[in-house]
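Student: sequence unknown, structure follows:
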């Protein structure tokens, strides 16, 4: 095992390991430790196509993992692959606002611009500004501010760098004034950011203002005026610095324990620390949104946006963080357009999360962008419908049944497919009932249309169009589908609809009809609902006869032992109403436990034996207890 993980295995072996781990993530298996070991083994390995392939597998598995991107960039830079470095930075910089990564970006920009003269100096300056606009609010960004200030102040008058920075596009003779103004503006931006270097930056700023005042007087200006100006400017800026210093202490405390380099894995896949990290990030986001420094809206927006982007580097798979980010934009950030952009990124990151797709569609519809909202739904249902070429093949003799086009949504359970169609039908219904009917017909033609779609369409006809006969026909069409005719949930939805109509006779007829099916006769769900209906709507003798039929169909003898829980369940059906049971709260808790509908009451402990789950019914518990007792007696005899 040690040899398998060693560095001597070769780049081809590293690529194979990366592919193996990536294939596991596609099956929702995340071996975080193995990924970390692979990343360590890649460090220092000479760049090759296989090494690059291994890094590509890693960044596809963890697209916001700053540690992986940083190593990838280092490897390409060490190999001198300038174009490859540019491409990697272009893919990761904006989605990974990490000070370490952006420092590497600046290092690369400075190195590639050293030989380009004035043009290179200006491009480097733009890179610094771009970096500070993006990451300058980070608590670790102090060295970035200091480095930029040094970059601006270092060139001496008369040097090419000085001319490039302060003479380009400027009136002659104003270079020093322009430089002073730029440095003062940069210092004043830096001293309001709560960073680890805040105190040092403030001291340097004081020195700068005092030195500038002294230089002004030495060049013929009024010493008193220069001193007065510097004193006034420092007095104006000191409260802003002090507010930042107070915020720094709390900000530092809020960030303690946060691991910004944690791999972005789905909920439950990151080990015991993942939940703690989630809580820490959410507390930090709430703190930043509270605006403790009372920043101007533009500055606050940058601060909060950076916090969300950094949180999503680790919490990429947490839909509530994405939605919270979008809601913040819509309510207090940069507006609905940014909220829409955030949700577009969210559905790209979590393509199988219908919650985010639906939120995006609603946001577009609420802004009057019906076509954009429709496109969201179209992108979903197209994965559930056969592609056009499959439909053409079906029309040929002996054509096979068409299959869905496929995609992240097609891989979800059938109830999720139902939600896609139902939400699309609801969207269409807000245009017209006719539009929702067309959508239902389209859904019916799709492969494996779920039963919930029939129920939703029928209830729309009843609740919105007030057409009970149309709704009944839809339910009846559903019963013609063999799968739905033996699906208790569909049958019960139909019975609920008939009860809402007050159609007692047809409700009873429905139960009698479906219980002729062998599969349905063994369904306790159907028998229990039929009994509850009969005890409420029929006479006692009829209900008791039905109860006897239920016992016979379900194979319950009615005697003590294995059937005790069933007896109590049938008895409760006679008298309970909604959530009210005819017993004390203590008795209710025990009975709920007996019927496997609640946790064990105080004093009871669920037995945990091999092969048993928490879903074991009261009847199964009693039967298992008898078997265990007989087994123990046999073991003693043996």
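Tutor: Everything's here; your move. Because the structure is predicted, anything quoted here is derived from the model rather than measured.
Student: For the rest of this, base every contact and every neighbour count on C-alpha atoms.
Tutor: Fine.
Student: Just read off the phi/psi values of residue 577.
Tutor: For residue 577, the backbone dihedrals (degrees, to the nearest 10) come out as phi -140, psi 120.
Student: Give me the mean pLDDT for stretch 286-302.
Tutor: Mean pLDDT, computed over stretch 286-302, is 93.
Student: Can you list the buried residues in the host helix or strand of residue 309?
Tutor: Residue 309 is located in helix 297-314, with elements delineated by DSSP states H and E. Neighbour-count burial for helix 297-314 flags 300-314 (criterion: 16 or more other C-alpha atoms under 10 Å).
Student: What is the neighbour count of residue 372?
Tutor: Per other C-alpha atoms under 10 Å, the neighbour tally for residue 372 reads 17.
Student: Just give me the neighbour total for the closest residue to it other than its chain neighbours.
Tutor: Leaving aside its sequence neighbours, residue 372 sits nearest to residue 364 (C-alpha to C-alpha, 6 or more residues apart in numbering; 6.2 Å). By other C-alpha under 10 Å, the residues close to residue 364 number 20.
Student: Residues contacting the host helix or strand of residue 364, please?
Tutor: In the assignment (DSSP H and E), residue 364 maps to helix 354-366. The set of residues external to helix 354-366 that reach it, using C-alpha atoms under 8 Å, 6 or more residues apart in numbering, is 319, 323, 340, 343-344, 346-347, 370, 372-374, 376-377, 416, 420, 423.
Student: check contacts around residue 24.
Tutor: Counted by C-alpha under 8 Å, 6+ apart, residue 24 has contacts residue 30.
Student: so where does it fall, helix or strand?
Tutor: Using DSSP H and E, residue 24 sits within helix 11-26.
Student: Could you pull up the mean pLDDT of that helix?
Tutor: The model assigns helix 11-26 a mean pLDDT of 82.
Student: Looking at the chain, which helix is longest?
Tutor: Determined from DSSP state H, the single longest helix within the chain is helix 223-255.
Student: ok, back up a step: measure how far the helix or strand just after the helix holding residue 309 is from the centre of its chain, please.
Tutor: Remark: after helix 297-314, the chain's next helix or strand is helix 319-331, criterion DSSP H and E. In this view, helix 319-331 has its centroid 11 Å away from the chain centroid, taken as C-alpha atoms, centre = their mean, to the nearest Å.
Student: still on that earlier bit, quick one: which of the contacts of helix 354-366 sit in helices?
Tutor: Taking DSSP H as the definition of helices, these contribute 319, 323, 340, 343-344, 346-347, 370, 372-374, 376-377, 416, 420, 423.
Student: count of neighbours near the residue found closest to residue 114 once you drop the neighbours it is linked to in the chain?
Tutor: Distance criterion C-alpha to C-alpha, 6+ apart; nearest residue to residue 114, sequence neighbours excluded, is residue 120 at 6.5 Å. Per other C-alpha under 10 Å, the neighbour tally for residue 120 reads 19.
Student: What mean pLDDT does the strand or helix carrying residue 120 get?
Tutor: Element membership of residue 120 [criterion: DSSP H and E] is helix 117-135. The average of the pLDDT scores along helix 117-135 is 94.
Student: Name the residues of the helix holding residue 24 that are buried.
Tutor: Of all the residues in helix 11-26, those buried under the rule 16+ other C-alpha under 10 Å are 11, 13-15, 17-19, 21-22, 25.
Student: Can you give me the buried ones in the helix holding residue 120?
Tutor: 118, 120-122, 124-125, 127-129, 131-132, 134-135.
Student: Identify all contacting residues around the helix or strand that it is followed by.
Tutor: Proceeding N to C from helix 117-135, the next assigned helix or strand is helix 142-153, under DSSP H and E. Contact with helix 142-153 is made by 103, 128, 132, 136, 165, 179, 183, 186-187, 190, 195-198, 201, as judged by C-alpha under 8 Å, 6+ apart.
Student: mind running it again at 6 Å?
Tutor: 195, 197 (C-alpha atoms under 6 Å, 6 or more residues apart in numbering).
Student: follow-up on the earlier one: for the ones in helices among the contacts of helix 354-366, work out which two are farthest apart.
Tutor: 319 and 370 (23.9 Å; C-alpha to C-alpha).
Student: and residue 282, what pLDDT?
Tutor: pLDDT at residue 282 comes out at 97.
Student: List the buried residues of the one helix or strand it maps to.
Tutor: For residue 282, the host element (DSSP H and E) is helix 273-289. Residues 274, 277-278, 280-281, 284-285, 287-289 are the ones in helix 273-289 that count as buried (16+ other C-alpha under 10 Å).
Student: what angle sits between it and helix 297-314?
Tutor: When axes from the mean of the first three to the mean of the last three C-alpha atoms, to 10 degrees is applied, the directions of helix 273-289 and helix 297-314 differ by 180 degrees.
Student: just how off-centre is helix 273-289 within its chain?
Tutor: Between the mean C-alpha location of helix 273-289 and the chain-wide mean there is a distance of 15 Å, by C-alpha atoms, centre = their mean.
Student: Give me the contact list for that helix.
Tutor: 254, 304.
Student: Check which element follows the helix or strand harbouring residue 473 along the chain.
Tutor: Here residue 473, judged by DSSP H and E, is contained in helix 468-479. Remark: after helix 468-479, the chain's next helix or strand is helix 482-485, criterion DSSP H and E.
Student: I'd like the average pLDDT over the helix or strand just after that next one.
Tutor: Following helix 482-485 in sequence order, the next helix or strand is helix 488-501 (DSSP H and E). Per-residue pLDDT over helix 488-501 has a mean of 97.
Student: Residues in contact with helix 488-501: which ones?
Tutor: Residues outside helix 488-501 that contact it (C-alpha under 6 Å, 6+ apart): residue 507.
Student: how big is the angle separating that helix from helix 468-479?
Tutor: Using the same axes, to 10 degrees: helix 488-501 against helix 468-479 is 160 degrees.
Student: quick thing: my sequence starts at 37, can you match it?
Tutor: Will do, 37 is the new start, and the previous item becomes helix 524-537.
Student: Give the buried residues for the next helix or strand after helix 524-537.
Tutor: Counting by DSSP H and E, the next helix or strand C-terminal to helix 524-537 is helix 540-550. Going by neighbour count (16+ other C-alpha under 10 Å), the buried part of helix 540-550 is 540, 543-544, 546-547, 550.
Student: how far does the very next helix or strand once past helix 540-550 sit from the chain's center?
Tutor: Next helix or strand after helix 540-550 toward the C-terminus (DSSP H and E): helix 554-557. Relative to the mean C-alpha coordinate of its chain, helix 554-557 is positioned 41 Å out (C-alpha atoms, centre = their mean).
Student: contact partners of helix 554-557?
Tutor: 522, 551.
Student: Buried residues in the helix or strand that that helix is followed by, which are they?
Tutor: Scanning forward in sequence from helix 554-557 by DSSP H and E, the next helix or strand is helix 560-573. Judged by neighbour count (16+ other C-alpha under 10 Å), helix 560-573 contains these buried residues: 560, 562-571.
Student: which stretches of the stretch 437-586 of the chain have low pLDDT?
Tutor: Scanning the stretch 437-586 of the chain for pLDDT under 70 picks out 437.
Student: Please repeat the previous calculation with a cut-off of 80.
Tutor: The model of the stretch 437-586 of the chain has pLDDT under 80 over residues 437-438.
Student: Share the number of residues neighbouring residue 500, please.
Tutor: Number of residues near residue 500 (other C-alpha under 10 Å) recorded here: 11.
Student: Backbone torsions only: list them for it.
Tutor: Per-residue torsions, residue 500: phi -100, psi -40 (degrees, to the nearest 10).
Student: How much space separates it from residue 493?
Tutor: Distance from residue 500 to residue 493, counting by C-alpha to C-alpha, to the nearest Å: 10 Å.
Student: got it, and residue 228?
Tutor: 57 Å.
Student: Equivalent analysis for residue 341, please.
Tutor: Look at residue 341 and residue 493: by C-alpha to C-alpha, they are 41 Å apart.
Student: And residue 379, by the same measure?
Tutor: 28 Å.
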